[in-house]
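In: I'd like to go over a predicted model; first the sequence, then the structure.
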Amino acid sequence: MMLRKTKIVATLGPASASEEMIARMIMDGVNVVRLNFSHGTAQDHIERAEIVRQIAAKLNRPIGVLCDLQGPKIRIGKFESGKISLNSGDLFVLNADCELGDQFQVGLDYKSLPQEVSVGNVLLLDDGRITMTVDHVKGNQIHCVILAGGTLSNNKGINLHGGGLAAEALTKKDLDDLKTAVTLEADYIAISFPKNAQDILSAKALVKKAGGTASIIAKIERAEAINNLEAIIEASDAIMVARGDLGVEVGDAAVPGLQKRMIRMARAQNKLVITATQMMESMISSPIPTRAEVSDVANAVLDGTDAVMLSAETASGQYPLETVQAMHRVCVEAEKEYEGLHPVEHRVGRLQHTDEATAAAAIFTSQHFKVKAIAALTQSGNAAQWLSRADSSVPIYALSPDKVARRKLTLHRNVFPFPIEQSGKNRDEILLEMEQVLLNNGAVQAGDTVLLTFGEPIGSPGGTNTLKIIKIGENRPTF
């Protein structure tokens, strides 16, 4: 059984489209697949999600599906020649009325950009590879001076240094894609470029209205989001440290510190966190990562991230399988140094609910009494989520009869979900069933000491309120 605590999210694309490759990636450690709605059709995503779930069922492994909405990616238009070369000092116009660009101007897909910039603003194109300053604005034309040149090709993104653009987080395309995500029963939906908590609350309301059960992930990639970070985290179910656009807007040097702050704040609010963007970027074309990439992934693990994410590395890279294997190795090694970095004592003063208190007691006991595992009986997954926030030194097995809850738990650090049947069973029968599930899945052996958490009376709605210490198979009937 693979007991890596940190979860791996892998983006599917042309390099990982085949059923064989998806199966191999899952076997080598992928826990959640990401469907990038910036590419492909609605039917493509629906079919891919179905294939993933069929493979997961064959492998008897729960796999989460994350649908990542494109958001208001502000882009230039197309060039007649496909690309141009710009040099420092060149004059260049971003023209909302231009249909096909040339050496001197290019169109905009975000038509209101000329009304939202001012003289002296710095615009960053193609993830900051090209920078230009606004000299003046005339009608729908932004007249710029190139600060740092290079090759500029079709449809490259535009960021305003320091943020401040008014584009809504959910575009018309996103609203259509959100319905597609609900149709394919997405476990998580990621919202791109949210500015504030209201963007996340709006997305939640739309998912609920469409009949979906997906949890909402806020991708932190706007400068404005940093100023509203606490409220955004509170409104969301999880956040993604989306370091690409964020680095362009706030400056690359600010990103590492912000990453640590975001992970710390998410954990404090009992929310999940994914660290993403360029984690193994060199492996798009290399079978091994750089030492810097290894350190980057390891540091995210040591910071306490729930998951690390692969984008182009598995979607379009030459070595998708090797990348997953490399990320798995790095996470496992980093986790050996992790224990004790985030002790439960730092959270005890914040306990507000019975399930939190029960989880804290389980964590404390596991750290001071020799146990093999913690097994949480949970309907919604909430009990296991709090356990994962509190940093157990032993694996947490979430036993749930709800397949949606089990799929969502694939993103939680150090949580391993298993199905359990509890309908029609009394308390003692369910506790015996918990033992049997653990034994059947190779999680424990006879004689192991295990902590069980559950809610009493069993079968009634409400939080976990009971912690029981048992020895597997001791004075119990065999099945």
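Out: Sure thing, it's come through.
In: Can you pull the phi/psi pair for Glu337?
Out: phi -100, psi 0 (degrees, to the nearest 10).
In: can you pull the pLDDT of it?
Out: On pLDDT, Glu337 comes in at 90.
In: Excluding chain neighbours, what is closest to it?
Out: Nearest non-adjacent residue to Glu337, counting by C-beta to C-beta, 6 or more residues apart in numbering: Leu302, 6.6 Å away. All C-beta spots, glycine's among them, are computed from the backbone N, C-alpha and C.
In: How far does the helix or strand containing the one you found sit from its chain's centre?
Out: Element membership of Leu302, judged by DSSP states H and E, is helix 291-303. Centroid displacement of helix 291-303 relative to its chain, using C-alpha atoms, centre = their mean, to the nearest Å, is 16 Å.
In: Identify the residues contacting the closest residue to Ser286 other than its chain neighbours.
Out: Counting by C-beta to C-beta, 6+ apart, Ser286 lies nearest to Tyr319, which is 7.1 Å off, once chain neighbours are set aside. Contacts for Tyr319 (C-beta atoms under 8 Å, 6 or more residues apart in numbering) come out as Met283, Ile284, Ser286, Pro287, Glu313.
In: on that earlier part again, can you get me a residue count around the residue nearest to Glu337?
Out: When neighbours are counted by other C-beta atoms under 10 Å, Leu302 registers 17.
In: separation between it and Ile374?
Out: Distance from Leu302 to Ile374, counting by C-beta to C-beta, to the nearest Å: 22 Å.
In: now do His328
Out: To Ile374, His328 is 23 Å away according to C-beta to C-beta.
In: okay, the two: which has more neighbours?
Out: Counted by other C-beta under 10 Å, His328 and Ile374 do not tie: Ile374 has more neighbours, with 27 against 17.
In: Next up, the contacts around that one.
Out: Contacts for Ile374 (C-beta under 8 Å, 6+ apart) come out as 362-363, 366, 387, 392, 394-397, 450-453.
In: Now, those residues that are in helices?
Out: Among the contacts of Ile374, the ones falling in helices (DSSP state H) are Ala362, Ile363, Ser366, Leu387.
In: now for those, which pair is the farthest apart?
Out: Pairwise distances across the ones in helices among the contacts of Ile374 peak at 9.5 Å for Ser366 and Leu387 (criterion: C-beta to C-beta).
In: between the two, who's got more neighbours?
Out: Leu387 (32 against 24).
In: so what's the more buried one up against?
Out: When the contact criterion is C-beta under 8 Å, 6+ apart, the partners of Leu387 are Ala359, Ala362, Ile363, Ile374, Ala376, Ile396, Val415, Thr453.
In: What's the separation between the nearest residue to the first one once chain neighbours are set aside and Asn414?
Out: Beyond its immediate neighbours in the sequence, the residue positioned closest to Ala359 (C-beta to C-beta, 6+ apart) is Trp386, lying 4.3 Å away. From Trp386 over to Asn414 the distance is 12 Å, taken as C-beta to C-beta.
In: likewise Glu116?
Out: According to C-beta to C-beta, Glu116 and Asn414 sit 44 Å apart.
In: Between these two, tell me which one has more neighbours.
Out: When neighbours are counted by other C-beta under 10 Å, Asn414 comes out ahead of the other of Glu116 and Asn414, with 24 against 16.
In: Strands along the stretch 201-350 of the chain, start to end?
Out: With DSSP state E, counting those that start in this stretch, the ranges of strands along the stretch 201-350 of the chain come out as 215-220, 238-242, 272-276, 307-310.
In: Including mean neighbour count, could those go into CSV?
Out: Formatted as CSV, the strands of the stretch 201-350 of the chain follow (neighbours: other C-beta atoms under 10 Å):
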stretch, mean neighbour count
strand 215-220, 27
strand 238-242, 26
strand 272-276, 27
strand 307-310, 27
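In: out of those strands, which comes closest to Glu20?
Out: Here strand 307-310 is closest among the strands of the stretch 201-350 of the chain (C-beta to C-beta), at 18.2 Å.
In: Can you list the strands that that closest one pairs with?
Out: strand 7-11 (parallel), strand 272-276 (parallel) (DSSP bridges).
In: Name the residues that touch it?
Out: For strand 307-310, the external contacting residues (C-beta under 8 Å, 6+ apart) are 6-11, 31-32, 34, 240, 272-277, 279-280, 297, 300-301, 323-324, 327, 331, 411, 413.
In: Spatially central residue for the chain, please.
Out: Ile274 (3.9 Å; C-alpha atoms, centre = their mean).
In: Hmm, Ile239 and it touching each other?
Out: Yes - counting by C-beta atoms under 8 Å, Ile274 does reach Ile239; the two are 7.4 Å apart.
In: any residues in contact with both of those two?
Out: With C-beta under 8 Å, 6+ apart as the test, Ile274 and Ile239 both reach Ile217.
In: nearest residue to Phe92 other than its sequence neighbours?
Out: Closest residue to Phe92 apart from its sequence neighbours, by C-beta to C-beta, 6+ apart: Cys144 at 5.1 Å.
In: again, but for Gln385
Out: Among residues not flanking Gln385 along the chain, His412 sits closest, at 5.8 Å (C-beta to C-beta, 6+ apart).
In: ok, that neighbour to Asn382 distance?
Out: Distance, His412 to Asn382, using C-beta to C-beta: 11 Å.
In: tell me, what's touching the two both at once?
Out: In contact with both His412 and Asn382: no residue, using C-beta under 8 Å, 6+ apart.
In: Buried ones in the helix ranked longest in the chain, by neighbour count?
Out: Using DSSP H to define each element, the chain has its longest helix at helix 42-59. Neighbour counts over helix 42-59 (16 or more other C-beta atoms under 10 Å) mark His45, Ile46, Arg48, Ala49, Ile51, Val52, Arg53, Ile55, Ala56 as buried.
In: Make CSV out of those residues and add pLDDT and distance to Gly157.
Out: What follows is the buried residues of helix 42-59, written out as CSV (pLDDT from 0 to 100; distance: C-beta to C-beta, whole Å):
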residue, pLDDT, distance to Gly157
His45, 97, 22
Ile46, 97, 27
Arg48, 97, 25
Ala49, 97, 27
Ile51, 97, 30
Val52, 98, 28
Arg53, 97, 32
Ile55, 98, 33
Ala56, 97, 33
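In: Reformat the residues you listed as CSV; add distance to Ala23.
Out: Shown next, in CSV, are the buried residues of helix 42-59 (distance: C-beta to C-beta, whole Å):
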residue, distance to Ala23
His45, 19
Ile46, 19
Arg48, 13
Ala49, 15
Ile51, 10
Val52, 10
Arg53, 12
Ile55, 5
Ala56, 9
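In: wait, which of these is closest to Ala15?
Out: Nearest to Ala15 among the buried residues of helix 42-59 is Arg48, at 13.3 Å by C-beta to C-beta.
In: sorry, back to before: three-state assignment of the residue nearest to Phe92?
Out: With DSSP: H, G, I helix; E, B strand; the rest coil as the basis, Cys144 sits in strand.
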